[in-house]
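> predicted model and sequence below, questions to follow.
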Amino acid sequence: VYINNSHGMDDDEFFDRNLALFEEEMDTRPKVSSLLNRLANYTNLTQGAKEHEEAESIGEKKKASKSPQMGTFMGVYLPCLQNIFGVILFLRLTWVVGTAGVLQALCIVFTCCCCTLLTAISMSAIATNGVVPAGGSYFMISRSLGPEFGGAVGICFYLGTTFAGAMYILGAIEIFLMYIVPQAEIFKGGGAAMLNNMRVYGSICLLLMSLLVFVGVKYVNKLASIFLACVIVSIVSIYIGAFVSAFYEHKFDVCMLGNRTISSHVECSKTVPVGIKDTEKTTLLWEEFCHSTELNATCDEYFTSNNFTKIKGIPGLASGIISENLWSSYISKGEVLQKSSLSSSHSSPPASLPHPYVFADITTSFTLLVGIFFPSVTGIMAGSNRSGDLKDAQRSIPIGTILAILTTSFVYLSSVVLFGACIDGVVLRDKFGESVDGTLVVGTLAWPSPWVIVIGSFFSTCGAGLQSLTGAPRLLQAIAKDNIIPFLRVFGHGKANGEPTWALLLTALIAELGILIASLDLVAPILTMFFLMCYLFVNLACALQTLLRTPNWRPRFSYYHWTLSFLGMIICLALMFISSWYYAIVAMVIAGMIYKYIEYHGAEKEWGDGIRGLSLSAARYALLRLEEGPPHTKNWRPQLLVLLKLDEDAHVKSPRLLTFASQLKAGKGLTIVGTVVPGHFLQTYGEALAAEQTLKLLMEKERVKGFVQCIVAQKPREGISHMIQSSGLGGMKPNTVVMGWPHTWRQSEDPQAWKTFINTVRVTTAAHLALLVPKNISLFPSNSEPPTDGYIDVWWIVHDGGMLMLLPFLLRQHKVWRKCGMRIFTVAQMEDNSIQMKKDLATFLYHLRIEAEVEVVEMHNSDISAYTYERTLMMEQRSQMLRQMRLSKSDREREAQLVKDRNSMLRLTSIGSDDEDDTDGGERERPVSISSEHHRRVQMTWTKEKTAQYRAAHSGCSTPEGFRDMLSIRPDHSNVRRMHTAVKLNEVIVNKSHDARLVLLNMPGPPKNTDGDENYMEFLEVLTEGLERVLLVRGGGSEVITIYS
């Protein structure tokens, strides 16, 4: 209660004397120091994609000792490196280079690397747009594009990761059976038998890995560093081997018959000399081509007309072999690998299977190679998936991921060139190394021994498989816990420690499907699709957020642009259809079905008539969708209701209010411009239309896109109240009211102007709307003014939803304010630790992605000065005097009434009451001015006791007794305290912000007791004295800004 404060002195024990103006609302609008205190530990977010609201409440219960400590190198760079380098590099890259040729292979690698680099840039923007709890890409996309897209992408990413696990296992088994222990084959023979071996061993391997993951992820994490070391050693050995090959020969010879490649044999000739005599003995090769050991046997035509030669499998870096390997040589399944530079007799029929040639096991094409190679560049999400473990995720994720992609891209591109420059084309095209004694082709180049690569690649593929089997169930668990796909709900449960048991089971079953396919070359394109879908959506999310200019879109990573995201999206789409158009369609159908399932009831297919009908249908659908739930904090943007006042000639009194609104909106969101036309609707309908037209013209001039609303009402305050209640439609209701400051409230004898103002403040508070009151609006810049340097100063005294942080950010989107810096001041009391407050505030702003200077102003001196006392006394005397003037006026009116009607005595009791005042004020438009003589005549204050005496005795107020009583009045204690707050705050604000381009300030709420309304206006005047441009801000009671992505 402002005026009648019966227990005045005790209040100092409960409230800071320096913040008395704000004390009535401390429960809903806490002090900044207490807010920062609560937010000090918010970086320790829980692992797992829980909604951040839950995370905050749980965060307080977590142990403070376990804070995430991983840096960029260990937390992002190395995990990304480990996930990107994988089975394809060791098992298929040489084959890709040999088949596509160096130029096309460079093209494939470069395109795939561009795709992931552009995706990483988009991902970095999303990841740095707030705190990303663990859940990685799924969390980022679902929170950027909504649950439908998030669910579709999450499932695609999950399936991609699961199939990746299957691919790595198949790779590991291929290395095991082909190069480590070929004797371990269960089914003997070629093609189909080999696939069955892969299925049996793959299933066993999957079972063992799943058990290891089930027993404990900690073992997987401990093994991760060993697996990474294997990868790095293997890659280093390839580079050393390539450079050594320029000086020393690698002992890998390839046997050729004419220009056809022969699978490895001891003797590469038709006959060998025996003993001392010139006798010759046929070789095993003769036996295979002639089906006889006799020299006179009938042999294969091609065998007879061509001779055996030996060529170097690894001619070396200096040999110039790269010129042969530049061009592609795609072949069909079952064809023999041939070396075009060797001569041969081509009269023979095509080679048949019984002969010991090296045959192609698959029909190759550029598109197939893209699908097979792409999985080797995936894995860029590894860093963002671990965001919960990072010390500073917003800094580490972009730097670590992009560095990892650049490193791996360099390795891939240089490997393509080195393979092409060192290894012969027929060996490169020999997928399983049959021509070089069944050695892994990359191994032939490795130094000091092929076994370095064989063992290294085996362990690295096992490690990558374990990582996939660890990551995929967690992703599925995060999707299940979000509860957007009901039938997946069961997979959200797990062991007591949160390990996703059911999700692991499903993952193992899906991976088993991949293993039953049994061919690395057939599994790779499947996961290519799923990863490309995921990357496509990441790029789409970034492009959409940038183009829509969502207020919450403030990534700390600034090197992104919507065109880059768009380009990344196009490359993803192109790669999907290049690598396999039917898989692309299947992946899109799966994503579409999930999208529709989550959406459940989609848009109605009622297109109406032409484009306008479509617009109406879309608008209706969008409004109905908005209605479904309250908007999330991230989507909060000011939807303005601008209250303008028209004069008698229907001209707008403060057109700059509209200018300010246009600068704040930067052309986005909803703006409703409203005015109240006094009178009865039936009589003043024409005036209302004219007023509407005036406002529309002004909006066009100021380039404000929005709607006009004119309300006809007998009393302005009622009209404003109706407008605030009824503006907007469904989810498109205004959430912020902009109104001007009543400048002449002190000079005006009629209290209606400021009473309407305070009533509007109360109505907006009751309606939970935010309120912006620009003071000295005529001094605000116009849209045509050139941008000038300076500062926008924010005085954050109490926290009411973060409006004060968001408004300068939005204003600075406009060219007029673009060059302004932002300074944030907050007030520290005696008991606050101002150094800690400054640190906490800086951290808070860092997580909000808002660049601003921070200052904590200490207000220790809480002694009430004589000046404050004097100001309060003057204020109270002035309000009494105005009340007396109004009473003397009604007194004259009453005497005139007495002459006319003897029964007028009945009305005496209601004279001077607020209701009478309101009615008078509402019905007349212009107050009757009181002469200066009257001002001079009335120079005394008016107390409640005197009012009562006056009403009883109907006598004048200028009696000497009354005058003496009024001299002895003492100002109300609570008023003194509030005046003290206003004076003190004004002193520090003027001191710090006298040169600011704009000062934003918390607006204290009006008193609960309406008797103190006039004093409230005085407090606001004192608070903003001496400041050129002030914006008083009141939050609507809900959070409008968030640190989360």
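Nice, thanks for sending it over. Numbering: from 1, shown residues only.
> partners of the strand or helix carrying Leu1001, with directions?
Here Leu1001 is covered by strand 998-1002, with elements defined by DSSP states H and E. Strand pairing for strand 998-1002, using DSSP bridges, gives strand 790-796 (parallel), strand 1030-1034 (parallel).
> tabulate these (CSV), appending distance to Lys839 and mean neighbour count.
Quick note: C-beta positions are derived from backbone N, CA and C, even for glycine. Putting the strands paired with strand 998-1002 into CSV (distance: least, CB to CB, whole Å; neighbours: other CB atoms under 10 Å) gives the following:
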stretch, distance to Lys839, mean neighbour count
strand 790-796, 15, 23
strand 1030-1034, 25, 24
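> so which of these gets nearest Leu403?
strand 790-796 (35.9 Å; CB to CB).
> so what touches that closest one?
By CB atoms under 8 Å, 6 or more residues apart in numbering, the list of residues contacting strand 790-796 from outside reads 32, 804-805, 808, 811-812, 817, 819-827, 852, 985, 989, 992-993, 995-1002.
> out of these, which are buried?
Neighbour counting by 16 or more other CB atoms under 10 Å classes 32, 804-805, 808, 811-812, 817, 820-827, 852, 985, 989, 992-993, 996-1002 among these as buried.
> that older thread, using JSON lines, lay out the strands paired with strand 998-1002 together with mean pLDDT.
Output for these, formatted as JSON lines (pLDDT from 0 to 100):
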{"stretch": "strand 790-796", "mean pLDDT": "91"}
{"stretch": "strand 1030-1034", "mean pLDDT": "92"}
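> mind putting the ones you listed into CSV with distance to Val857?
Shown next, in CSV, are the strands paired with strand 998-1002 (distance: least, CB to CB, whole Å):
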stretch, distance to Val857
strand 790-796, 9
strand 1030-1034, 17
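> with Asn635 as the reference, name the closest of the ones you listed.
From the strands paired with strand 998-1002, taking CB to CB, the stretch that ends up closest is strand 1030-1034, at 20.1 Å.
> ok, back up a step: so which of the strands paired with strand 998-1002 is nearest Leu337?
So among these, strand 790-796 is nearest, using CB to CB, at 70.6 Å.
> re the thing from before, among the contacts of strand 790-796, name the ones in strands.
Among the contacts of strand 790-796, DSSP state E puts 820-827, 998-1002 in strands.
> report the backbone C-alpha coordinates of stretch 427-445 in PDB.
The C-alpha coordinates for stretch 427-445 follow below in PDB (Å, rounded to 0.1, in the frame of the first residue of the first chain):
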ATOM      1  CA  VAL A 427      46.000 -53.500 -58.300                       C
ATOM      2  CA  LEU A 428      43.800 -50.500 -57.400                       C
ATOM      3  CA  ARG A 429      40.800 -52.000 -59.100                       C
ATOM      4  CA  ASP A 430      41.500 -55.400 -57.400                       C
ATOM      5  CA  LYS A 431      39.100 -55.000 -54.500                       C
ATOM      6  CA  PHE A 432      40.300 -58.000 -52.400                       C
ATOM      7  CA  GLY A 433      44.000 -57.900 -53.400                       C
ATOM      8  CA  GLU A 434      43.800 -61.300 -55.300                       C
ATOM      9  CA  SER A 435      46.600 -60.200 -57.700                       C
ATOM     10  CA  VAL A 436      49.000 -59.400 -54.800                       C
ATOM     11  CA  ASP A 437      48.900 -62.700 -52.800                       C
ATOM     12  CA  GLY A 438      45.600 -61.800 -51.200                       C
ATOM     13  CA  THR A 439      47.100 -58.800 -49.400                       C
ATOM     14  CA  LEU A 440      44.900 -55.800 -48.400                       C
ATOM     15  CA  VAL A 441      45.600 -53.300 -51.200                       C
ATOM     16  CA  VAL A 442      46.300 -50.400 -48.900                       C
ATOM     17  CA  GLY A 443      48.600 -52.700 -47.000                       C
ATOM     18  CA  THR A 444      50.800 -53.200 -50.000                       C
ATOM     19  CA  LEU A 445      51.700 -49.500 -49.800                       C
END
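> got the buried residues for that stretch?
427-436, 439-445.
> and for stretch 85-94?
Here stretch 85-94 shows 85-94 as buried, counting by 16+ other CB under 10 Å.
> returning to what we had before: please produce JSON lines containing the ones in strands among the contacts of strand 790-796, extended by pLDDT and distance to Phe681.
Formatted as JSON lines, the ones in strands among the contacts of strand 790-796 follow (pLDDT from 0 to 100; distance: CB to CB, whole Å):
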{"residue": "Cys820", "pLDDT": "91", "distance to Phe681": "45"}
{"residue": "Gly821", "pLDDT": "91", "distance to Phe681": "49"}
{"residue": "Met822", "pLDDT": "91", "distance to Phe681": "46"}
{"residue": "Arg823", "pLDDT": "92", "distance to Phe681": "48"}
{"residue": "Ile824", "pLDDT": "92", "distance to Phe681": "47"}
{"residue": "Phe825", "pLDDT": "91", "distance to Phe681": "48"}
{"residue": "Thr826", "pLDDT": "88", "distance to Phe681": "48"}
{"residue": "Val827", "pLDDT": "86", "distance to Phe681": "48"}
{"residue": "Leu998", "pLDDT": "92", "distance to Phe681": "39"}
{"residue": "Val999", "pLDDT": "93", "distance to Phe681": "41"}
{"residue": "Leu1000", "pLDDT": "93", "distance to Phe681": "38"}
{"residue": "Leu1001", "pLDDT": "91", "distance to Phe681": "39"}
{"residue": "Asn1002", "pLDDT": "89", "distance to Phe681": "38"}
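> mind picking the two most distant members of these?
Between all members of the ones in strands among the contacts of strand 790-796, the farthest pair (by CB to CB) comes out as Cys820 and Val827, at 22.4 Å.
> got the contact list for Lys992?
By CB under 8 Å, 6+ apart, the contact set of Lys992 is 793, 825, 855, 857.
> give me the pLDDT for it.
Looking at Lys992, its pLDDT reads 89.
> contacts for the strand holding Leu1001, please.
Contacts for strand 998-1002 (CB under 8 Å, 6+ apart): 22, 29, 780, 792-798, 800, 804, 807-808, 811, 817, 820, 989, 993, 1023-1024, 1027, 1029-1034.
> what angle sits between it and strand 820-828?
Computed by axes from the mean of the first three to the mean of the last three CA atoms, to 10 degrees, the angle separating strand 998-1002 from strand 820-828 equals 30 degrees.
> chain center to the next helix or strand after strand 998-1002, what's the gap?
Downstream of strand 998-1002, the next assigned helix or strand under DSSP H and E is helix 1013-1023. When C-alpha coordinates are averaged (CA atoms, centre = their mean, to the nearest Å), helix 1013-1023 and its chain have centres 42 Å apart.
> how about stretch 990-1010?
Centroid separation for stretch 990-1010 versus its chain: 32 Å, with CA atoms, centre = their mean.
> what is the end-to-end distance of that stretch?
For stretch 990-1010, the first-to-last residue distance is 30 Å (CA to CA, to the nearest Å).
> ok, stretch 693-708 next?
9 Å.
> the helix or strand Gly383 falls within packs against which elements?
Under the criterion of DSSP H and E, Gly383 resides in helix 382-385. Packing partners of helix 382-385 (3 or more CB pairs under 8 Å, 6 or more residues apart in numbering; DSSP states H and E): helix 78-84, helix 136-145, helix 393-422.
> those: which one's closest to Ile232?
helix 78-84 (8.1 Å).
> distance-wise, check the closest residue in space to Val652 that isn't next to it in sequence relative to Lys696.
Distance criterion CB to CB, 6 or more residues apart in numbering; nearest residue to Val652, sequence neighbours excluded, is Leu644 at 5.2 Å. According to CB to CB, to the nearest Å, Leu644 and Lys696 sit 12 Å apart.
> give me the more crowded residue out of these two.
Leu644 (23 against 14; other CB atoms under 10 Å).
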